[in-house]
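**Student:** Need coordinates for the below:
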Amino acid sequence: MADTSSNPNAFYGTNLTCIRGERMVFAGLDFAVDDGDVLVLTGPNGSGKSSLLRLMAGLLPPAGGALHRGGMDILDDPELHRSTLHYVGHQDAIKPMLTVSENLTFWAGIRQAPPRVADALAAFGLAALADSPARLLSAGQRRRLNLARLAASPAPLWLLDEPTVALDTASVAVLIRLIGEHRENGGAIVVSTHTDLGVVTPKSLRLDEFAAKEAYVA
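**Tutor:** All right, here's what the predicted structure looks like:
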């Protein structure tokens, strides 16, 4: 694998092993993501796409191997690593008692740059719901609120787990536009998706190539 450590935003994993419970999900996995890259994770259900994204986000430690960002092991300073990425997983990270605007303001406030809450809500068609309690949102509205974090505050690395689930066509188009803009600005993206996101020359990583056949289910 090429040495990407000279780039402060370069992100790579070497010889990664993931074990969940007593099951080895994958082993011997390498990846590398540089500025402007989109790495698309593929493979059947259970092959480890979500687990790999959680490892990349520093939410799950690898059972073997290491993940580096700009040459530094992310476990050496996990808070610094997490402060420079957006992770959108299967679970909607929404506080139900806060309003839509308050939820987004909370997440955007973690970043150092001034938040763009109003613009982000407008982009995902949530401006009219800004003062509504998040507990009243539909599944699609909750998903759009989570994705609005991408537009509300900058982060060089996006980790997206099936981001188009529960989205309407218009919201998918917004996400595709944001991904294109993020790449143009030098951002990197790792995404698990079954939807065509219009990505030109993406990288691809098939997870079941790193697992025994009995380690996943179709």
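**Student:** got a list of what the spatially most central residue of the chain touches?
**Tutor:** For the chain, Leu159 is the residue whose C-alpha lies nearest the centre (CA atoms, centre = their mean; 1.6 Å). By CB atoms under 8 Å, 6 or more residues apart in numbering, Leu159 lies in contact with 53, 56-57, 85-88, 189-191. Just so you know, the C-beta spots here come from the backbone N, C-alpha and C atoms, and that holds for glycine as well.
**Student:** Sort out for me which of those are in strands.
**Tutor:** The strands, defined by DSSP state E, take in 85-88, 189-191 from those.
**Student:** Mind giving me the PyMOL select for these, buried ones only?
**Tutor:** Listed next is the PyMOL selection for buried residues among these, using 16 or more other CB atoms under 10 Å:
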select buried, resi 85+86+87+88+189+190+191
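**Student:** Among the ones in strands among the contacts of Leu159, which one lies nearest to Leu167?
**Tutor:** The closest of the ones in strands among the contacts of Leu159 to Leu167 turns out to be Val88 (CB to CB; 11.6 Å).
**Student:** can you tell me how far the closest one sits from Ile189?
**Tutor:** Using CB to CB, to the nearest Å, Val88 is found at 11 Å from Ile189.
**Student:** Now for those two: what residues contact both?
**Tutor:** Overlap of the contact sets of Val88 and Ile189 (by CB under 8 Å, 6+ apart) consists of 158-160.
**Student:** What is the nearest of those residues to Ala118?
**Tutor:** Nearest to Ala118 among the shared contacts of Val88 and Ile189 is Trp158, at 21.1 Å by CB to CB.
**Student:** so what's the closest one up against?
**Tutor:** 85-86, 88, 150, 179, 182, 187-191 are the contacts of Trp158 under CB under 8 Å, 6+ apart.
**Student:** Tabulate the residues you listed (JSON lines), appending pLDDT.
**Tutor:** Shown next, in JSON lines, are the contacts of Trp158 (pLDDT from 0 to 100):
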{"residue": "Leu85", "pLDDT": "94"}
{"residue": "His86", "pLDDT": "95"}
{"residue": "Val88", "pLDDT": "96"}
{"residue": "Leu150", "pLDDT": "95"}
{"residue": "Ile179", "pLDDT": "97"}
{"residue": "His182", "pLDDT": "97"}
{"residue": "Gly187", "pLDDT": "96"}
{"residue": "Ala188", "pLDDT": "97"}
{"residue": "Ile189", "pLDDT": "97"}
{"residue": "Val190", "pLDDT": "98"}
{"residue": "Val191", "pLDDT": "98"}
